[in-house]
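Colleague: 3D model of this:
(one chain, ligands or ions: 1)
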Amino acid sequence: MAEIIEFETDRLRLRQWLAKDREPFAALNADPRVMEFFPATLDRATSDAMAEYCERLIAERGWGFWAAEVKGSGHFIGFIGLHIPSSELPFSPCVEIGWRLAFQHWGKGFASEAASGALQVGFELLNLPEIVSFTVVRNLRSRAVMERLGMREAPSTFEHPHIPVDSPLRLHCLYRLSRDHWQHMPHNTSLHLTCGASTPLAG
Ligand SMILES: CC(C)(COP(=O)(O)OP(=O)(O)OC[C@H]1O[C@@H](n2cnc3c(N)ncnc32)[C@H](O)[C@@H]1OP(=O)(O)O)[C@@H](O)C(=O)NCCC(=O)NCCS
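Modeller: Predicted coordinates:
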């Protein structure tokens, strides 16, 4: 078991998963708008299993796909964070950054805000040399987040090995961001990070 890393951005708290997240997580996983670029919506049992998996990885590693809640209201809005993909991909080994938010929380800048915090954790605290992100080529909203974060699109697309060969979701694009490039980008975020003891991580 590792010391659990949690952090706050201006508007959000990124934290370990709680039992109360299961219901709103199942609701967003059952929403076809949220799951447009995944093979299927998830039923309650599969959604709960995914939440438990995210929770277990954070407990084991200290980091992962964090549950995101709005500060003040405490509303759970989805997940954002860092993950080692379980599939062997053409660019493995790697650490990816990913996100999935409830539809009513799109268009507010929440994914980009939390993801910049997750990049800071990945590069400054975990010392990762590179963070990647990938999605279905047609997933323009997710690609826009990658671009806002300063990630660079790799020259070639790839076929996701876990998606059936005849599926329109199989073709993926890849974005990369090295620590070196990230360190030279302007940052104006200042995270409040907790990892065991409460520690500020300057932006
Ligand atoms: C991908 C996903 C997280 C993107 O969410 P998003 O809300 O579009 O992304 P951001 O949080 O970066 O928000 C940006 C939008 O908020 C707007 N915005 C509003 N207030 C803002 C603020 N205070 N700060 C920044 N942006 C703000 C921006 O103008 C932008 O609007 P636009 O979409 O009209 O250009 C979301 O669409 C999603 O969960 N999709 C389903 C899951 C998925 O496909 N995941 C990726 C699989 S690889």
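Colleague: quick check, R143 in contact with F134.
Modeller: No. In this structure, R143 is not within contact of F134 by CB atoms under 8 Å, at 9.8 Å. Every C-beta, even on glycine, is put in place using the N, C-alpha and C of the backbone.
Colleague: which of the two has more residues huddled nearby?
Modeller: Shown here are R143 and F134; by other CB atoms under 10 Å, F134 has more neighbours (26 against 19).
Colleague: what segments of this protein are helices?
Modeller: Per DSSP state H, the chain carries helices over the ranges 22-29, 44-61, 110-120, 140-148, 179-183.
Colleague: tell me which of those helices sits most buried.
Modeller: Stretch with highest mean neighbour count among the helices of the chain: helix 110-120 (a mean of 23; mean count of other CB atoms under 10 Å).
Colleague: and the ligand, is it touching that?
Modeller: Yes. Counting by CB under 6 Å from any ligand atom, contacts between helix 110-120 and the ligand involve 110-112.
Colleague: follow-up on the earlier one: which neighbours do R143 and F134 share?
Modeller: Common contact partners of R143 and F134 (CB atoms under 8 Å, 6 or more residues apart in numbering): 173, 175.
Colleague: make a markdown table out of the helices of the chain and add mean pLDDT.
Modeller: Formatted as a markdown table, these follow (pLDDT from 0 to 100):
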| stretch | mean pLDDT |
| --- | --- |
| helix 22-29 | 98 |
| helix 44-61 | 98 |
| helix 110-120 | 97 |
| helix 140-148 | 98 |
| helix 179-183 | 96 |
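Colleague: looking at these, which is closest to F91?
Modeller: Ranking the helices of the chain by their distance to F91 (criterion: CB to CB) puts helix 140-148 first, at 14.5 Å.
Colleague: which parts of this structure sit against the ligand?
Modeller: Residues of the chain lying near the ligand (CB under 6 Å from any ligand atom): 34, 37, 98-101, 106-112, 135, 139, 141-142, 145, 148.
Colleague: quick check, L191 in contact with D10.
Modeller: No. Shown here, L191 and D10 do not form a contact pair, counting by CB under 8 Å, at 9.7 Å.
Colleague: of the two, who's got more company?
Modeller: L191 (22 against 12).
Colleague: now S87: how far from the ligand?
Modeller: Distance of S87 to the ligand, given as CB to the nearest ligand atom, to the nearest Å: 13 Å.
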